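**Student:** quick one, what's the 3D model for this:
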Amino acid sequence: MLESPVTVRPAAPADAEFVFRLTEACMRHYAEETWGQWNEEITRASFLPATHHIIQVDGRDIGCIALEQAADHLVLQKLYILPDWQNRGIGARIMRDIMAEAGARPLRVAVLVVNPARGFYQRLGFVVTRSTPERHYMEWRHDR
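**Tutor:** Purely as a prediction, here's the structure:
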């Protein structure tokens, strides 16, 4: 378990390269396994500073979250943590904060079928609401 404080700051345009490299480190293998290729252009285009936040430990950038707010639910687009910082409780800590923010609104996430993150979300109380050959669509509700 991590002892240092975990902080989250709004992303800025200057974070684009960090978020790209982070996404590549966390998702390239799963993208290639799912689609047979990694698409740098699509990955770079997915960074929108308005929806992204940078996760830090002791002022060091170690991850990002991207959260979209709809009228009646939240959609977690990204929760990526650099591999060297994974399995230290950081993701769970961030998710508990997001779940508290969601309140009564459902929180939704899509996980690639080949990505073991499904188990992480299930441990937090998410359930699979539907699946496709590529993705599991999961939802957490406060009342479950």
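**Student:** host element of the residue nearest to R135 when sequence neighbours are not counted?
**Tutor:** Excluding its sequence neighbours, the residue lying closest to R135 (C-beta to C-beta, 6 or more residues apart in numbering) is A110, at 4.7 Å. Yep, even glycine has a C-beta here, placed from its N, CA and C like the rest. In this structure, A110 sits in strand 107-112 according to DSSP states H and E.
**Student:** quick one: buried residues of the longest helix along the chain?
**Tutor:** Counting by DSSP state H, the longest helix found in the chain is helix 16-35. Neighbour counts over helix 16-35 (16 or more other C-beta atoms under 10 Å) mark F18, V19, L22, T23, E24, C26, M27, Y30, A31, T34 as buried.
**Student:** can you pull the pLDDT of A16?
**Tutor:** Here the pLDDT value assigned to A16 is 97.
**Student:** that one: what's it in contact with?
**Tutor:** With contact taken as C-beta atoms under 8 Å, 6 or more residues apart in numbering, A16 is in contact with R44, F47, P49.
**Student:** quick check: closest non-adjacent residue to P106.
**Tutor:** Leaving out its chain neighbours, the residue that sits closest to P106 by C-beta to C-beta, 6+ apart is H73, at 4.4 Å.
**Student:** and the one you found, how many residues sit next to it?
**Tutor:** By other C-beta atoms under 10 Å, 14 other residues sit near H73.
**Student:** ranges for the strands of the protein?
**Tutor:** 6-10, 52-57, 60-69, 74-81, 107-112, 127-131, 135-140 (DSSP state E).
**Student:** now the ones you listed as TSV including mean neighbour count and mean pLDDT?
**Tutor:** Below are the strands of the chain laid out as TSV (neighbours: other C-beta atoms under 10 Å; pLDDT from 0 to 100):
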stretch	mean neighbour count	mean pLDDT
strand 6-10	14	96
strand 52-57	20	97
strand 60-69	18	96
strand 74-81	20	96
strand 107-112	21	97
strand 127-131	12	97
strand 135-140	19	97
